[in-house]
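Enquirer: A predicted structure for the sequence below; I have some questions about it.
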Amino acid sequence: MLLNRHLVTGNLHVRIRAPGQTMRGRGGMTAFPCTHGHLQQITEVHQPMSRSRTISFLVVFGLAVAACSAGSTPAPATPAAPSAAASGAAMMSANITLDTLNASGVSGSAKIEEKEGGKVKVTIEVTPNGNLKMPAHIHIGQCGATLGDVKYPLSDVDNGKSETTVDVNFADLETGGFAVNLHKSADDLKTYTACGNIPKA
């Protein structure tokens with residue numbers, strides 16, 4: 001932005017221009033005001049100045065320095081907002097459909113969510129169809145013939161709902177080798193009521 005001020009004090013006339021340009025005054029005063037925000041040089045005054053003119057000259061000189069600084073000093077940088085990576089990456093999640101097994105009438109869904117500290121939260125919501133308390137687990141393998149042993153126990157599905165925090169990394173469950181499986185009751189673990197495969201990443 002250009003500065004172009006015409007200061008008049010007594011017999012002194014000074015025109016202040018943009019940074020890097022000259023400042024010239026009547027009465028023998030010449031200045032080169034701005035280089036990186038500093039007044040660089042003022043040449044001689046060719047005629048003696050009275051006390052009042054000296055004071056006037058100092059006032060004008062001060063205004064020139066202020067104008068120079070205002071025109072050349074860069075504004076302080078505004079700190080950048082934290083990036084998403086710096087404030088924490090988005091947590092992963094996966095939805096699982098729980099299909100009915102053995103004509104149980106139980107169906108619904110499960111959700112696994114990545115949590116801090118290398119853990120996951122497993123939430124189950126199903127229509128219990130009279131099975132008010134069903135044991136639930138993450139099994140090795142996939143629903144059907146390849147379903148294997150229990151890997152991670154989950155809270156019982158009580159009246160259709162269950163929520164468990166499991167000490168396992170989310171990525172370790174996305175191998176395509178795990179399933180969420182529900183059992184009819186603690187007394188009848190061999191009868192499965194619903195099952196859903198954890199999807200592969």
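Expert: Thanks, I have the structure now.

Enquirer: now E174: closest residue in space, sequence neighbours ignored.
Expert: Leaving aside its chain neighbours, E174 sits nearest to A201 (3.7 Å; criterion: C-beta to C-beta, 6 or more residues apart in numbering). Placement of C-beta: from N, CA and C, glycine included.

Enquirer: pull the contacting residues for the one you found.
Expert: 171, 174-175 (C-beta atoms under 8 Å, 6 or more residues apart in numbering).

Enquirer: what's the answer for K119, then?
Expert: Contacts of K119 by C-beta under 8 Å, 6+ apart are 165-168.

Enquirer: can you tell me which of the contacts of A201 are buried?
Expert: E174 (16 or more other C-beta atoms under 10 Å).

Enquirer: want to throw the contacts of A201 into a markdown table with secondary structure?
Expert: As requested, these are exported to a markdown table (DSSP: H, G, I helix; E, B strand; the rest coil):
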| residue | secondary structure |
| --- | --- |
| A171 | helix |
| E174 | coil |
| T175 | coil |
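
Enquirer: which among the contacts of A201 gets closest to V157?
Expert: For these, the minimum distance to V157 (C-beta to C-beta) is 22.8 Å, reached by E174.

Enquirer: next one, pLDDT for that closest one please.
Expert: Looking at E174, its pLDDT stands at 95.

Enquirer: ok, so of the contacts of K119, who is nearest M134?
Expert: Nearest to M134 among the contacts of K119, with distances taken as C-beta to C-beta, is V166, at 17.6 Å.
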